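Enquirer: Based on what follows, work out the 3D shape:
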Amino acid sequence: MEKVTLDSVKEFIGKNYLAFKPSHKRLCLPIINRMCRKMAYGLKFDDIKVSEDLVIDGHHRYISAQITMFNIGNVPSFKTSATAEFNWSDVIFDENDWDTASKIRLLNETDARLNNIDLKTINRIIGRLNE
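Expert: Below is the predicted model of the structure:
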């Protein structure tokens with residue numbers, strides 16, 4: 001799978017209908033890249049949480065699933081008085097990685113267990129070859 005870039009995400013958003021709107025104003029492009037690679041490989045992911053047409057939890061999973069045409073489920077959730085609604089075209093995609101190396105390792109270990117594959121395979125999928 002090709003690397004997801006800021007330009008490719010913006011182009012995707014501009015050309016495609018997205019059924020759910022974001023409730024977050026910022027997302028992390030490196031996280032989206034890792035998720036897209038895992039989804040393209042067919043790994044399982046938790047459902048996203050939605051309220052009506054709004055993503056409450058799972059923004060990175062949702063946009064990654066849309067980009068890769070991965071079938072991700074959704075379950076009902078609730079808005080609070082603090083829940084905001086944005087348009088995907090207004091979301092800022094941060095190119096700095098929000099996850100530390102130790103968090104990435106922990107997430108990869110969890111994905112390896114849930115998908116019954118070894119950690120080296122997960123690392124190859126996301127391009128972390130020396131872990």
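Enquirer: And the next helix or strand past whatever helix or strand I63 lives in?
Expert: Taking DSSP states H and E as the criterion, I63 maps to helix 59-68. Using DSSP H and E, the helix or strand that follows helix 59-68 towards the C-terminus is strand 74-76.
Enquirer: what packs against that following strand?
Expert: Using 3 or more Cβ pairs under 8 Å, 6 or more residues apart in numbering; DSSP states H and E, the elements in contact with strand 74-76 are strand 48-51. Every C-beta, even on glycine, is put in place using the N, C-alpha and C of the backbone.
Enquirer: Report the mean per-residue pLDDT for the helix or strand just after the strand it packs on.
Expert: Per DSSP H and E, the first helix or strand lying C-terminal to strand 48-51 is strand 54-57. Here strand 54-57 scores 98 as its mean pLDDT.
Enquirer: low pLDDT regions in the chain?
Expert: Along the chain, segments meeting pLDDT under 70 span 128-131.
Enquirer: Could you count how many residues lie near the nearest residue to P30 once chain neighbours are set aside?
Expert: Ranked by Cβ to Cβ, 6 or more residues apart in numbering and with sequence neighbours excluded, the top spatial neighbour of P30 is D97, at 4.0 Å. D97 has 15 neighbours, counted by other Cβ atoms under 10 Å.
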